[in-house]
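Peer 1: Show me how the following folds:
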Amino acid sequence: MTCFCRVGDATLTAVLPLELDLILLGYSDGYIRQASISSLASRCQVPDSLPSEATGHWDEKPLFVASSKYSIAASIQSLHFIRRERAGDAFILCGSDDGGVAIWSLRDLKLVLRFVHFVEPLSHVTRIQPQLENAKPFGGYLLCFSADGTIAVVTLDELQFLCLIPGSASPLTHFYYSGGTDHEQIMTIYGDGSARLWDFKAREFRRAMDREKAKESLGKPSWHELCAWHLYNASFHKATCRTYRVVVCVASLALQRFVVFTATDPTAFDGVPSYIPKRPLRATPLSQLRALLSLLLTPTLTPEIDEICAGKLGVLTSCGDLDHSCRLAAACCRLDSINAWSVSSNASALRASAIIAALRALSFHEALHDDCETVMTFYATSLPTVVGKRYIPPDLVWLARTWFETMNDVRQATRVLVDAGVVRLSDEESVGLVEAWERHLPSTEGSVSDSKTSSLAVFLCGYVSLEKHALLSNDTLMNVSKSIASYLHEEDPIRRLLGVDLCTRGFHVWQRHVDAMAILRALFTLAVNSRKDNISVQNVGQQARQAILQIASTNTPLFMATLTLDILSPKNLEYRKIVMQLVALLTRKKPLLLYSNLPRLMEAVVKSLDPNSTSSRDAVHDTATEIIGYVVKTFPTVDFHMATQRLAVGTCEGAFIMYDLKTATQLYILEGHKKQPTACSFSPDGRRLVTVSLEEGTVLVWKVGSSFTSFFHPGAPPRQGNAGSQPYKTLGFNVGEEANMSIADTLEWVKFEWPSERSVRLHIRESTLTFST
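Peer 2: Take a look at the predicted model:
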């Protein structure tokens, strides 16, 4: 069987995985070649025994999608991806063992630039985000760093070598830029405190200085610390198999890029560019997803999981290795699966997160969902038992960093592992972890940590506190709670997302240490105002709505108190609209939560329509009308008559409250039922209201039209004939066991129908009763 690890005498030296069908391979002969994950998985396997006469097959040339035409005559050591937004094309940059740099077009692997200026090989490549729109952007350049700190500058637009910035004996720590239409300067600061100023426009060195002088210069507003983003690096770590002495193919997975292409929802691709310009993204075929899993899973740990993977998921596993630099190795030989989980905590975290993310993607196929869940649970929770003492659990700090740096699919996978990891922590380990990170929390007095460190602290302390809050002091929980609450107001959507998720799962913990209503109000705002965020990536608005539904279910009294208070006394009209939109959301999603609170809620909605406050009424009129429509449609105990603008609302005590929406006032209360009412309905002319209580087995008919006596007795119900304030008619019935129908069933199966103005039909599931009113 052929293998990508060797092509003739050349060995594989670098891998850059971009998409599942777009993997770039660099070789010691100076060529780069393109392959796919499916072919990589099928070829990078070795039979259980390798006869000596079969070793020649390892030198056969494998089939590639494409290959570069020319060699750079040096061994390729690293590969990096480059995109030119202006031109709409993409390139691959490589570093070679002779200190050279080469750039190929990604579309056809044509060599476009080659230079050799480094003593040490290329270490990494950085592109600078432009800071000024009107000036020639520094973002039009690439900085190529060698291992000794030397920097080669390449123009991004022309792909030409521009200049060389010599390195220092001390490592580079900061990089600053000051530019405009007439000047461009950069400041490099090194670990020993020294600094150098370069005139980038003149391409010459200006002067050296110490750190204090540098700080003085950098105090001017024209200087900006460059927001550098590291391009995908894929370096190769050579490994050999103890049995067959063959080279192992090492691929550093760009996991967030791989998994997003497995989504079944086409909106997942919105705003995610393909690596090949003008090529549309598409969902990953099952075959490629299975090929990816075949490299990730570690077989032979339990026969039950092996059977599910092979027999039900269709994944033929070929255990891959992880080297000590934590890069995934697609093994060309059968390795001990236990060893795969005994490398390091970072290595375990990388492999486990990759497995969970890929399985989650596979689970979107309905027929495979349950089996994927079983395998995910195994890899998240059962490895310590089956691997034994050699098992090294995933590092929680590594998982936290990954959560912030990846896309939503991978973020959810890391969360699964974090939850499992926190549960495994002993009490001492849990307290120790929180104590180590508490000083970095943004709410901790005297904290001076940078935003990234603070974010990690909120993540780690937050999720540990969720599970182990009984072990922590009130002061610690207060710091954690305040930090989480502050993240709901962060500009950065990822931090907001973290705050929302922690509130969803731990509101019962945080509400004891901070203003619980303030947290709810922040979630209310996010739930409505974040709808236009890039929800395919961050999904802050949707997550906030899920948090609200969760809190409403577990802490209904506090939730309803906040909701009604904010409708009646909002901080501004815009916020009142936000809260009323949430009422509409709850009516659709959680109607049973609102059922017992309907009278209070509808009173607040009615008062928001006060005609004496024209601006307020106009601002919320459409939303209030929408809410009333949803409520009437959902709850049979509420009805509205359009012509008379009357609203009837049933209470759990058996009364019905009548409102006039024209004046936004309560007219009167109809008290006739002794037990909880089930439904009500206005007659077509609005002069009758019928109410029913299944528990009582009684239908009551009320006169509700305006009468002459109403002018003399405001607030009192109309006279009901000779009965005075008693119902105009009382009609009994017996429906047997249907009298015990649940509230949820009444919402669906009980309704009135008016064949004429004085005749009404009551439908109770399959039964129909007709009454004269």
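
Peer 1: Not counting residues beside it along the chain, what's closest to Ala208?
Peer 2: Ranked by Cβ to Cβ, 6 or more residues apart in numbering and with sequence neighbours excluded, the top spatial neighbour of Ala208 is Arg196, at 5.3 Å. Bear in mind the C-beta positions are built from the backbone N, C-alpha and C, glycine included.

Peer 1: which stretch of helix or strand covers the one you found?
Peer 2: strand 194-199 (DSSP states H and E).

Peer 1: What helices and strands are in contact with that strand?
Peer 2: In this structure, strand 194-199 packs against strand 184-190, strand 204-210, helix 211-218, with contacts taken as 3 or more Cβ pairs under 8 Å, 6 or more residues apart in numbering; DSSP states H and E.

Peer 1: So for the last one, what gets flagged as buried?
Peer 2: Looking back up the chat, that one is helix 211-218. Taking 16 or more other Cβ atoms under 10 Å as the basis for neighbour counts, the residues of helix 211-218 that come out buried are 214, 218.

Peer 1: So what's the gap between it and the chain middle?
Peer 2: Centroid separation between helix 211-218 and its chain, computed with Cα atoms, centre = their mean, to the nearest Å, is 40 Å.

Peer 1: Packing partners of it?
Peer 2: For helix 211-218, the helices and strands in contact under the criterion 3+ Cβ pairs under 8 Å, 6+ apart are strand 184-190, strand 194-199.

Peer 1: what's the closest of those to Ala561?
Peer 2: Comparing the helices and strands packed on helix 211-218 against Ala561 with Cβ to Cβ, the closest turns out to be strand 184-190 (54.2 Å).

Peer 1: re earlier: compare the helices and strands packed on strand 194-199 and report which one is nearest to Val153.
Peer 2: Closest to Val153 of those is strand 184-190 (Cβ to Cβ; 9.5 Å).

Peer 1: Could you pull up the mean pLDDT of that closest one?
Peer 2: Here strand 184-190 scores 85 as its mean pLDDT.

Peer 1: That one pairs with which strands?
Peer 2: Here strand 184-190 has these sheet partners by DSSP bridges: strand 172-179 (antiparallel), strand 194-199 (antiparallel).

Peer 1: give me the number of residues near Ala74?
Peer 2: Neighbour count for Ala74, taken as other Cβ atoms under 10 Å: 20.

Peer 1: which non-adjacent residue is nearest it?
Peer 2: Beyond its immediate neighbours in the sequence, the residue positioned closest to Ala74 (Cβ to Cβ, 6+ apart) is Ser96, lying 3.8 Å away.

Peer 1: Also Leu143?
Peer 2: The spatially closest residue to Leu143, leaving aside those adjacent along the chain, is Thr126, at 4.7 Å (Cβ to Cβ, 6+ apart).

Peer 1: What residues are bridge-paired with the one you found?
Peer 2: Under DSSP bridges, the residues paired with Thr126 across the bridge are Leu143, His230.

Peer 1: Can you check the pLDDT for it?
Peer 2: Predicted confidence (pLDDT) at Thr126: the value is 81.

Peer 1: and what of Thr385?
Peer 2: Reading off the per-residue confidence, Thr385 sits at a pLDDT of 93.

Peer 1: same thing with Ala643?
Peer 2: Predicted confidence (pLDDT) at Ala643: the value is 92.

Peer 1: Surely it touches Arg687?
Peer 2: No: between Ala643 and Arg687 there is no contact under Cβ atoms under 8 Å: 10.5 Å.

Peer 1: Show me which of the two is the more surrounded one.
Peer 2: Neighbour totals were compared for Ala643 and Arg687, and Arg687 leads with 19 against 9 (other Cβ under 10 Å).

Peer 1: From Leu456, how far off is the more buried one?
Peer 2: Distance of Arg687 to Leu456, given as Cβ to Cβ, to the nearest Å: 67 Å.

Peer 1: now do Asp192
Peer 2: Remark: distance between Asp192 and Leu456 (Cβ to Cβ) = 28 Å.

Peer 1: same deal with Ala310?
Peer 2: Using Cβ to Cβ, Ala310 is found at 39 Å from Leu456.

Peer 1: Ala291 is in what secondary structure piece?
Peer 2: Taking DSSP H and E as the criterion, Ala291 maps to helix 286-296.

Peer 1: which helix in the protein runs the most residues?
Peer 2: Using DSSP state H, we find that the single longest helix of the chain is helix 614-634.

Peer 1: Other residues contacting that one?
Peer 2: Residues external to helix 614-634 that are found in contact with it (Cβ atoms under 8 Å, 6 or more residues apart in numbering): 573-574, 576-577, 580-581, 583-584, 587-588, 591, 598, 602, 605, 608-611, 638-640, 647, 661, 664, 747.

Peer 1: hmm, which of these are the buried ones?
Peer 2: Buried members of those, counted by 16+ other Cβ under 10 Å: 576-577, 580-581, 583-584, 587, 591, 598, 602, 605, 608-609, 638-640, 647, 661, 664, 747.

Peer 1: Which of the strands paired with strand 184-190 has the lowest mean pLDDT?
Peer 2: The stretch with the lowest mean pLDDT among those is strand 172-179, at a mean of 80.

Peer 1: List the buried residues in that one.
Peer 2: 172, 175-179.

Peer 1: In a markdown table, list those along with distance to Gly100.
Peer 2: A markdown table is the format used below for the buried residues of strand 172-179 (distance: Cβ to Cβ, whole Å):
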| residue | distance to Gly100 |
| --- | --- |
| Leu172 | 21 |
| Phe175 | 23 |
| Tyr176 | 29 |
| Tyr177 | 27 |
| Ser178 | 31 |
| Gly179 | 29 |
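
Peer 1: got the CA coordinates for stretch 152-159 in CSV?
Peer 2: The C-alpha coordinates for stretch 152-159 follow below in CSV (Å, rounded to 0.1, in the frame of the first residue of the first chain):
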residue,chain,number,x,y,z
ALA,A,152,12.1,39.5,6.5
VAL,A,153,9.4,41.9,5.2
VAL,A,154,7.4,40.9,2.1
THR,A,155,4.9,43.1,0.3
LEU,A,156,1.5,41.4,0.3
ASP,A,157,0.1,43.1,-2.8
GLU,A,158,3.2,42.5,-5.0
LEU,A,159,4.6,39.5,-3.2
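
Peer 1: Now that stretch: buried residues?
Peer 2: Buried positions in stretch 152-159, judged by neighbour count with 16+ other Cβ under 10 Å: 152-154, 156, 159.

Peer 1: Rounded mean pLDDT for it, please.
Peer 2: The predicted confidence, averaged over stretch 152-159, sits at 87.

Peer 1: What is the burial count for the residue lying closest to Arg211 once chain neighbours are set aside?
Peer 2: Distance criterion Cβ to Cβ, 6+ apart; nearest residue to Arg211, sequence neighbours excluded, is Gly193 at 4.3 Å. Burial of Gly193, expressed as a neighbour count using other Cβ under 10 Å, amounts to 13.
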